[in-house]
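A.B. asks: have a look at this prediction, sequence included:
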Amino acid sequence: MGRTDGELLYEKVGNEITRMIEGGTYRPGDRLPSIRQLSSRFGVSINTAMQAYAGLEDRHIIEARPQSGYYVCARAPEIVDDPLPRSDRMAPAEVTISDLCQQIIRNMTNDSLLPLGSAIPHHSHLPVEKLSRIMASELRMHGKQSISYMMAPGCERLRKQIAKRSILTGVSVRPDEVLITSGCVEAVLLALRATCRAGDTIAVESPFYFNFLQLVAEMGLKALEIPSTPREGISLEALRYAIEQNKISACLVIPNFGNPLGSLMPDEKKQELVSLLAEHEIPLIEDDIYGDLVFGNDRPIAAKAFDRKGLVIYCSSFSKTIAPGYRVGWIIGGRFQKEIERLKMMINLATSSPTQLALAEFLATGGYDHHLRSIRRIYARNMSRMTELIARHFPEGTKITRPKGGFILWVEMPRDVDALKLYHEGLEHDISITPGPLFTLTNKFGNNIRLSAAYMDEQVERAIETLGRLATRR
Ligand SMILES: Cc1ncc(COP(=O)(O)O)c(C=O)c1O
């Protein structure tokens, strides 16, 4: 490795680029020279140039965008993994159904509001035309089947496609180990039903997707919130402590690009999580709904990949990637599969047949991978743009997560900004956001909001500016 004045060569190149960024030559969002240009400009090898950029990426000064190049990151500080709260303050909470939660869910499909808080993909990025054509042709070809019940476990052709793709998540299953559900929420509901009884305690991440917190409440369960960090997800140390102190019936987590933190659990941590729970015979309910939305080509594996005891229940759906309104998801229930199948039949017999047929054909004809490549690029670009805008317009001291997939950002504003007040003020400007307090049952995250970068245009850009102004005016 070359060394100049005590500096390694790649560090020297990296420092030079950093100086140019700090000096304003390259501004947030600007494209940087390619690896080849960098190597020729500094007279260093391609390897050294790559190392220089890798170092800057690790420090979140620059970012690589798939098939596009290297760009300067927005300047807002990243939400780093804060010291976790002391585990002995954790206690299971009784859940009360919040009116606000209902109002926010209703707002998500209110056309007069800009849905900046909702984790719903925008129709302009979904294969609407193609799916409609496929659906029409499936209905013509399989008329009788399309109006009949497809009893659990559901459409065989679709289960085959899902089983084939599961290899990408590190899980090898046969089609008969997959059961089709009406979306991921139903999959999680079935998993909770199969593993818990009213009054039981389940461990969840904190902050956590509010709909699941409400679901837990509806089922008469108690949620024990385990601190989670933006970089690595649920704290295993806190979970271990919680298991020692409480009787936990199941653990529900979103290891790949969780909602709302966007954290990606490293593989070793997924493995550790699975073995920790297996040691205590506690089922893990894994929601992998965002896993396919990784920025780049390396889809993260599922925690289920480390399951040796059939104790991990894998849940997902096509709601974030293809069509939320189709209501098609699936569950791989391991040792609970039989019970899950019984429950599915009892609760609603079957999932809608036409949408299962259409999705089976869409997956079989190869449209999905092409579509994924396109939306991954769009979301990576949108997240970067939104980060840039928040950094520019939100009050000094605002921090933002930097997920490597999905389209959700978690924003931490200065302590004196009230997220609930901002939510109500946003509504007066026809903007809907999701305030932080919804993501817990224990009165936290009062200065946080969740934003969605599913769609970017000038109206969204103006809305971020408006929110920033409102948050600054406190
Ligand atoms: C983590 C997570 N799981 C599940 C869902 C909903 O899934 P579905 O629409 O497939 O029921 C959402 C939607 O926001 C989500 O964020």
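C.D. replies: Done, it's in.

A.B. asks: Thr195 against Ile285, yeah?
C.D. replies: Yes. Between Thr195 and Ile285 there is a contact at 7.1 Å, judged by Cβ atoms under 8 Å. For the C-beta atoms, the positions are set from N, CA and C on the backbone; glycine is no exception.

A.B. asks: in the stretch 201-350 of the chain, which spans are strands?
C.D. replies: 201-206, 222-229, 233-234, 248-253, 284-287, 312-317, 329-332 (DSSP state E, counting those that start in this stretch).

A.B. asks: including mean neighbour count, mean pLDDT and distance to the ligand, could those strands go into TSV?
C.D. replies: As requested, these are exported to TSV (neighbours: other Cβ atoms under 10 Å; pLDDT from 0 to 100; distance: least, Cβ to the nearest ligand atom, whole Å):
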stretch	mean neighbour count	mean pLDDT	distance to the ligand
strand 201-206	24	97	10
strand 222-229	23	97	13
strand 233-234	26	97	13
strand 248-253	24	98	10
strand 284-287	27	98	5
strand 312-317	28	98	3
strand 329-332	27	98	5
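
A.B. asks: out of the ones you listed, which is closest to Ile162?
C.D. replies: strand 329-332 (5.4 Å; Cβ to Cβ).

A.B. asks: other SSEs contacting the closest one?
C.D. replies: strand 179-181, helix 183-195, strand 312-317 (3 or more Cβ pairs under 8 Å, 6 or more residues apart in numbering; DSSP states H and E).

A.B. asks: list the contacts of the closest residue to the ligand within the chain.
C.D. replies: Nearest residue of the chain to the ligand (Cβ to the nearest ligand atom) works out as Gly183 at 2.7 Å. Gly183 sits next to Ser317, Ser319, Pro324, Arg327, Val328, Gly329 when contact means Cβ atoms under 8 Å, 6 or more residues apart in numbering.

A.B. asks: mind checking how far it is from Tyr209?
C.D. replies: 13 Å (Cβ to Cβ, to the nearest Å).

A.B. asks: likewise Leu420?
C.D. replies: Distance from Leu420 to Tyr209, by Cβ to Cβ: 18 Å.

A.B. asks: the two - which one has more neighbours?
C.D. replies: The residue with more neighbours, out of Leu420 and Tyr209, is Tyr209; 24 against 15, by other Cβ atoms under 10 Å.

A.B. asks: which phi and psi does the more buried one have?
C.D. replies: The phi/psi pair for Tyr209 (degrees, to the nearest 10) reads phi -50, psi 120.

A.B. asks: pLDDT wise, what is the closest residue to it other than its chain neighbours at?
C.D. replies: The shortest distance from Tyr209 to any non-neighbouring residue, by Cβ to Cβ, 6 or more residues apart in numbering, is to Asn259 (4.2 Å). Per-residue pLDDT puts Asn259 at 97.

A.B. asks: what count of nearby residues applies to Asn259?
C.D. replies: Residues lying near Asn259 (other Cβ under 10 Å) number 25.

A.B. asks: name the residues of this protein found near the ligand, please.
C.D. replies: Proximity of the chain to the ligand, by Cβ under 6 Å from any ligand atom, involves residues 119, 183-185, 209, 254, 259, 287, 289, 317, 319, 324, 329.
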